[in-house]
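*Asks:* pasted the sequence and its predicted model underneath.
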Amino acid sequence: MIVGSGIAGLATAISLHAAGFDQVTVFEAEPQLRPHGLGLNILPNAVRELTELGLLDQLRQRAVRTQELAMFNTRGDLVWREDRGTLAGYRWPQLSISRAELVTVLADEVRRRLGEGAIVTDARLVGLHSEPGLTSGTFLDRGGSARVVETELLIGADGIHSAVRAAFYPTEGPPPSNGMTMYRGTTWGPDFLTGSTMAVLGDDRRRLVLYPIARDDTPGRSLINWVAAFPDGEAEAHKRQPMNVAERRAAVLRQFGSWAPPGVDLPRLLEDTSDVQQYSMIDRDPVPRWSFNNVTLVGDAAHAMYPAGSNGATQAIVDARVLSWHLATQAEVGSALQAYEDERRPQMTELQNANRSMGPERVITLAHERAPHGFDDVSDVFSEDELAAISRSYAQTGKFDQDRVNSRPSLTVTRPRRETRGDSIPAGGATDTAVRDDRSQAVKETGFITAVIRAMEHDRADAYLVDRYAALLSTPRSRTMTAEALAAGGTIGSVIVRARFGDVALGEATAGGIAQVVCLAAGSDTRAWRLDLPARTQFFEIDLPGQLEAKERLLEPVRDRLACRRVSLGEDLRRETWPQRLLAAGYEPASPTVWIIEGLLPYFQIEDFTRLIGTVRKMSTLGSVLLVDAPHTDFYTDPANETFLAFMRSRGSAFQLGLDDLGAFLRHQGWTAEAYTLRQLHAGECRWLPSPPERLCPPHDHHWVARAQLS
């Protein structure tokens, strides 16, 4: 049982499920789960964990990838800047996102994994009983009805005012304040600095923080999260009374009206903010113990800290993963809780203390103390080494420096083995988890072979296909695998021709008004980047968890060249959950769609293909287009291909499916189809496609490409 449905509680529920636990329930005091809150940052160490849980695709669509931290004095002089996320050498990005959006993604994932009943609302914890072998919680609803729930493990994720923590520290009292009041809000405004910058301004007492947390459909605009903080004693006496939005806005302007990083009109930003929130800056003193019998704490319930250094949500997510890993790998709950606390509590105690001196923002205080009237050259105030050392020291304190995050072992449990109340976790679920993890890893290593082939073609003077982004996806591992496949008799023609075939057909469809594209088994497909698709186009990509994240990391340098709106989903197309995920991501079944199924079918059985095409048919409206390729049955009987087919079997990715007539198959499924072999395309039988050269259509590369329409 988890008490609290915030970031810590929901991340813990997902992490437990991923580690093999399927009897997990989250209890929430509020009568409804209403995600709220303003902006927050998730550092790469936590983004790594969310990625391994399969959530990065969803979050990237709702967040801004922070690329820079810039700190200024009150005059707007730059004190220090540093790269963030992947630009700083991390393998994972730093994300700035609305708390409400993050909670929504986490809650949806909890329900998807554990069922609709996994989150129980209107259940406020009013009593906790814990002794060896027996733990229970008493919950009260708004109507006054109480119920007692027994559990093997109770996890307090109920925030800075935790009722679970209070049960063990009843005399602790309210969270202490540091004498600062914070004002917060969000509003749409023009991009500033890089468009992905977190800007922090201040002196020795005041702070102003601004950063984007979402992109507008209009280029050059973002949802900007801002936070202003100053000492309580500097506000007017009436500030201690309830203030309306206009009075809060005026209080901020009096303190910060002349402050702003380059490109920000602060008075206008405040005027455009419809809701200005106000509250004291508080934290919790470190405690000597988090776990008591079979009860423990995570997130703010364990280590609430001042909002410096972007560590609130970040450390809650890491807590969830570390706790779940120890529970899955230790023989007993008690030993798992002890191992979790031994690992996390000393780190968080040190980080809480570091945040009381404002973490990396300490450079602003030092800049004011050394140069209260500003400076012409920051090197007159600091050496670059001194500033870098402050930032590096803080990252090392929180154990989220680049080397540690990039190189430490994964917390993913690939073969969970746990029992709950004497009932074994269903073997099928555990096996599915392990298989998915293993398959995703194989895809990450070898999934970009087709990108290597496209890059090779692009570099030719007589190239039939142009793909300037394929080279970015050409990794050492995929280049080695490509060389091995070609040495075994593999061909490149079908890869190049089907890509050109799809490019031309997709271009015609979008020019004709279709604005929705779904690319199944998107793999290393770069069409969302390389084709001049209309800006209105919604481009959905679906592939195994891990595959699309790997591609996005490699294409990070050209992220801003996306002209269309792209949504990526990590799903196995042989499972039945992908249509629901696609619908939840915004797919409109009533809108004509271009479906792309490229390079997938050789690995399918015929029943898998039939089911997939049937699902696509049900989700499509009239005017939809299907672009698909598949081997001809002759591919498997041609002696020239025996060595290559054996090679594919040896690496665990055997070719299986072949069709005598792809066009007839599609017509039987309800589509109007035109299908061609590579040899027919070379002969010019497809009037709308430039004929591919002989070198791309060798006699032993028996392959179909097809365009079908629902009419």
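*Replies:* Nice, I can see it.
*Asks:* does anything pack onto the strand ranked longest in the chain? Which helices or strands?
*Replies:* The longest strand of the chain (DSSP state E) is strand 177-190. Using 3 or more CB pairs under 8 Å, 6 or more residues apart in numbering; DSSP states H and E as the contact test, the elements touching strand 177-190 are strand 221-231, helix 245-256, helix 266-271, strand 277-282. Placement of C-beta: from N, CA and C, glycine included.
*Asks:* now do it: distance to the chain's middle.
*Replies:* The chain centre lies 25 Å from the centre of strand 177-190; the measure is CA atoms, centre = their mean, to the nearest Å.
*Asks:* strand partners of it, parallel vs antiparallel please.
*Replies:* strand 221-231 (antiparallel), strand 277-282 (antiparallel) (DSSP bridges).
*Asks:* would you mind checking the average pLDDT for that strand?
*Replies:* For strand 177-190, mean pLDDT is 94.
*Asks:* quick one: it to helix 245-256, angle?
*Replies:* 100 degrees (axes from the mean of the first three to the mean of the last three CA atoms, to 10 degrees).
*Asks:* out of the strands paired with strand 177-190, flag the one nearest Trp259.
*Replies:* strand 221-231 (8.9 Å; CB to CB).
*Asks:* okay, the helices and strands packed on strand 177-190, which one's buried deepest?
*Replies:* Burial of those is given as mean neighbour count (mean count of other CB atoms under 10 Å); strand 221-231 ranks first at a mean of 22.
*Asks:* any idea of the mean pLDDT for that one?
*Replies:* pLDDT averaged over strand 221-231 gives 94.
*Asks:* who touches that strand?
*Replies:* 38-39, 64, 96, 98, 179-192, 195, 205-216, 252, 255-256, 269-270, 273, 281, 307 (CB atoms under 8 Å, 6 or more residues apart in numbering).
*Asks:* which among those end up buried?
*Replies:* Neighbour counting with 16 or more other CB atoms under 10 Å marks 38-39, 64, 96, 98, 180-187, 189-192, 195, 206-215, 252, 255-256, 269-270, 273, 281, 307 as buried within the contacts of strand 221-231.
*Asks:* from Thr194, how far out is Cys699?
*Replies:* I think there's a mix-up here, since residue 699 is Pro and not Cys. 53 Å (CB to CB, to the nearest Å).
*Asks:* the two: who's more crowded?
*Replies:* Thr194 (14 against 11; other CB atoms under 10 Å).
*Asks:* just the pLDDT for Gly553.
*Replies:* Actually, residue 553 is Arg. It isn't Gly. 81.
*Asks:* my guess is it contacts Gly85, does it?
*Replies:* No. Using CB atoms under 8 Å as the test, Arg553 is too far from Gly85 to be in contact (10.4 Å).
*Asks:* which neighbours do those two share?
*Replies:* Trp92.
*Asks:* and the helices in the stretch 1-150 of the chain?
*Replies:* 7-18, 44-52, 56-62, 99-114 (DSSP state H, counting those that start in this stretch).
*Asks:* what do you get for the stretch 301-450 of the chain?
*Replies:* Going by DSSP H, counting those that start in this stretch, the stretch 301-450 of the chain shows helices at 312-329, 333-356, 362-370, 384-397, 402-407, 427-446, 449-458.
*Asks:* how far out from the middle of the chain is the third one?
*Replies:* Going by CA atoms, centre = their mean, the spacing between the C-alpha centre of helix 362-370 and its chain's C-alpha centre is 35 Å.
*Asks:* report how many residues lie close to Ile364.
*Replies:* 23.
*Asks:* for Leu266, see how far away it is.
*Replies:* For Ile364, the distance to Leu266 - CB to CB - is 17 Å.
*Asks:* part of a strand, is Ala214?
*Replies:* Yes. With DSSP: H, G, I helix; E, B strand; the rest coil as the criterion, Ala214 is located in a strand.
*Asks:* from Ala107, how far off is it?
*Replies:* Taking CB to CB, one finds Ala214 at 18 Å from Ala107.
*Asks:* of the helices of the stretch 1-150 of the chain, which approaches Asp525 most closely?
*Replies:* helix 56-62 (14.4 Å).
*Asks:* touching that closest one from outside, list them.
*Replies:* Against helix 56-62 from outside (CB under 8 Å, 6+ apart): 42, 47, 50, 92-93, 95, 97-98, 101-102, 105, 214, 548-549, 552, 566-570, 585.
*Asks:* so for it, what's the average pLDDT?
*Replies:* 89.
*Asks:* and if you look at stretch 520-533?
*Replies:* Rounded mean pLDDT across stretch 520-533 is 92.
*Asks:* and if you look at stretch 618-632?
*Replies:* Model confidence over stretch 618-632 averages 95 on the pLDDT scale.
*Asks:* likewise for stretch 351-361?
*Replies:* The model assigns stretch 351-361 a mean pLDDT of 79.
*Asks:* how far off centre is it?
*Replies:* 27 Å.
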